[in-house]
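Participant: Sequence and predicted structure below; questions after.
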Amino acid sequence: MNRPVYLKLRDQIAAAIIEGDYAEGEMLPSVRALAAEQGANPLTVAKAYQQFQNDGLVAVQRGVGMYVVKGAADRLRLAERDQFLSEEWPEIRARMERLGIDLKALLANA
């Protein structure tokens, strides 16, 4: 699946927020710092950050930076869960059925 780089970055940032690497109230890395770290174009990072801002998950403090807002991790977790259950899980389940993988046996071995 070829996804745009800014969406891949968005997923990485979302995971970091959910996992607490970027805690609520904490400042995100600057666009330039994250671009250098990821080997990405700063405009690509800015586009990923803009999506978080549009979704109300980060707040901008002019001249200082972007901060993760209160409740962002929970909102992201719910959105990711909904996306997984509606888009990814049906494909995984269908593939398991095609391959003859029994869910109960799989869970018993986990």
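Facilitator: Happy to help now that I have it.

Participant: How is V60 assigned, secondary-structure-wise?
Facilitator: strand (DSSP: H, G, I helix; E, B strand; the rest coil).

Participant: Disregarding flanking residues, what is the spatial nearest neighbour of it?
Facilitator: Spatial nearest neighbour of V60, chain neighbours left out: M66 (5.4 Å); criterion: CB to CB, 6 or more residues apart in numbering. In this view, the C-beta of every residue, glycine as well, is placed from N, C-alpha and C.

Participant: per-residue confidence for that neighbour?
Facilitator: pLDDT recorded at M66 is 94.

Participant: Helices of the protein, start to end?
Facilitator: Ranges of helices in the chain, per DSSP state H, are 5-18, 31-38, 42-54, 72-83, 89-99, 103-108.

Participant: Contacts only, for the residue nearest to V60.
Facilitator: M27, L28, Y49, F52, Q53, V58, A59, V60 (CB atoms under 8 Å, 6 or more residues apart in numbering).

Participant: Can you report how many residues neighbour the third one?
Facilitator: Other residues within reach of Y49 by the criterion other CB atoms under 10 Å amount to 23.

Participant: is it true that it touches V31?
Facilitator: Yes - proximity of Y49 to V31 meets the contact threshold set by CB atoms under 8 Å, at 6.5 Å.
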